[in-house]
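*Asks:* Please work out how this folds:
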Amino acid sequence: MLELVMKRLISAIPTLFLVTLMVFSLQKLLPGDPITAMAGEERDPAVIAQLREQYHLNDPIPSQYFHWVGNALRGDFGNSLRTQEPVLQLIASKLPVTLELSLLAMIVALIIGITMGVLAAVHKGTWIDNGTNFLALSGISIPHFWLGVLLIMLFSVKLHWLPASGYVPFSEDPLQNLKTMLLPAAVLGTGLSATLMRHTRAAMIAVLKADYIRTARAKGLLPKKVIMKHALRNALVPVITLTTLLFGELLGGAVLSEQVFTIPGFGKMIVDSVFNRDYAVVQGVVMVVAVGFLLMNLLADVLYVLVNPRMRRA
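*Replies:* So this is what the prediction gives:
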């Protein structure tokens, strides 16, 4: 297992190098000059020159790139051009919020998606299969922001069960924190569960046709044991891949839900930094998301081996 992890980490180095090149190059294409915006309305040439010198913007582009990469390797992503706070500090304050939201949303998605996918595959061609497919298509088709508004109207305005918006840190009040996270997690999890359901159903149908499943049934094993122990375990391999990719997307893609429910998370910070042309924050955020994707892929490789030890030789 350790050898597998080391191989994957070494293979991730070229990917990270390409990501740094793309992040640095693309942010140079963004319109506008953040230094001019920082200088304010007066735009004193001396102030602008000082700021450009401070942020090494007068250096050749290759020198700017290597300066940024060298600092990033030491954990220094620079300071925000807007707030002058360290980028790493900003990320550390926002990332846990989105991580919690993503984890809760993924739990909702896995419970609903895998359960519905297994039921649809086992009862293929019946009303259960048709019903779960209808729900899956509905979950994919309904926009997150619209579903969020509907849930707010029902559970907050009509029933008064959950708060409509806001965020309370877990350290301050765990129960209130969970209440504020349930609605946005349900919104994100519902859409993801539809995708997981479709993939689980397809994988289960393929596995249930395999020879070893027919052999297990011929030996007189209980249907529940055949499905849960033999079929589902092998069908989970493509589902694991999809789950890790979806979780990586949630880290940077929960923008709409965070906006609707006023959650100060990672996604909102990404959008604000792009609109404000806060290049240091954009670079730091994208790098953290890229590392998150690589870690999710590494986790998927480890889970493959745990679910199916025969893949250790692959």
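
*Asks:* Show me the residue at the heart of this structure, geometrically.
*Replies:* The centre of the chain sits closest to L250, judged by Cα atoms, centre = their mean, with a distance of 2.4 Å.

*Asks:* list the contacts for that residue?
*Replies:* Residues in contact with L250 (Cβ atoms under 8 Å, 6 or more residues apart in numbering) are T98, L101, S102, A105, M106, L188, L192. Any C-beta I mention is one placed from the backbone N, CA and C, and that applies to glycine too.

*Asks:* List just the nearest of those to S25.
*Replies:* T98 (26.0 Å; Cβ to Cβ).

*Asks:* Now P86. Its backbone dihedrals?
*Replies:* Note on P86: its backbone torsions stand at phi -60, psi 140 [degrees, to the nearest 10].

*Asks:* Please report the number of neighbouring residues for M6.
*Replies:* Residues lying near M6 (other Cβ atoms under 10 Å) number 10.

*Asks:* now for the helix or strand harbouring it, which elements pack on it?
*Replies:* According to DSSP states H and E, M6 maps onto helix 2-28. If contacts are counted by 3 or more Cβ pairs under 8 Å, 6 or more residues apart in numbering; DSSP states H and E, helix 2-28 sits against helix 61-73, helix 279-307.

*Asks:* Counting neighbours, which of the contacts of L250 end up buried?
*Replies:* By neighbour count, with 16 or more other Cβ atoms under 10 Å, the contacts of L250 hold T98, L101, S102, A105, M106, L188, L192 as buried.

*Asks:* my hunch is that the third one is in a helix, does that hold up?
*Replies:* The one in question is S102. Yes - according to DSSP: H, G, I helix; E, B strand; the rest coil, the state of S102 is that of a helix.

*Asks:* so how far is A109 from it?
*Replies:* For S102, the distance to A109 (Cβ to Cβ, to the nearest Å) stands at 10 Å.

*Asks:* where do the contact lists of these two overlap?
*Replies:* Each of L188 lies in contact with both S102 and A109 under the rule Cβ under 8 Å, 6+ apart.

*Asks:* With distance to G117 and secondary structure added, can I get the contacts of L250 in JSON lines?
*Replies:* Shown next, in JSON lines, are these (distance: Cβ to Cβ, whole Å; DSSP: H, G, I helix; E, B strand; the rest coil):
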{"residue": "T98", "distance to G117": "26", "secondary structure": "helix"}
{"residue": "L101", "distance to G117": "23", "secondary structure": "helix"}
{"residue": "S102", "distance to G117": "21", "secondary structure": "helix"}
{"residue": "A105", "distance to G117": "17", "secondary structure": "helix"}
{"residue": "M106", "distance to G117": "15", "secondary structure": "helix"}
{"residue": "L188", "distance to G117": "18", "secondary structure": "helix"}
{"residue": "L192", "distance to G117": "12", "secondary structure": "helix"}
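
*Asks:* Include pLDDT when you put the buried ones among the contacts of L250 into JSON lines, please.
*Replies:* What follows is those, written out as JSON lines (pLDDT from 0 to 100):
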{"residue": "T98", "pLDDT": "84"}
{"residue": "L101", "pLDDT": "86"}
{"residue": "S102", "pLDDT": "85"}
{"residue": "A105", "pLDDT": "88"}
{"residue": "M106", "pLDDT": "88"}
{"residue": "L188", "pLDDT": "84"}
{"residue": "L192", "pLDDT": "85"}
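
*Asks:* Identify, from these, the entry nearest to L90.
*Replies:* Nearest to L90 out of the buried ones among the contacts of L250 is T98 (Cβ to Cβ; 12.7 Å).

*Asks:* check contacts around that closest one.
*Replies:* The contact partners of T98, by Cβ under 8 Å, 6+ apart, come to L250, L251, A254, E258, G265, F266, G267.

*Asks:* who's in contact with the fifth one?
*Replies:* Contact partners of G265, counting by Cβ under 8 Å, 6+ apart, are K94, V97, T98, L101, A254, E258.

*Asks:* And it, how far from T243?
*Replies:* Counting by Cβ to Cβ, the gap from G265 to T243 is 20 Å.

*Asks:* what do you get for R277?
*Replies:* As for R277, its distance to T243 is 35 Å (criterion: Cβ to Cβ).
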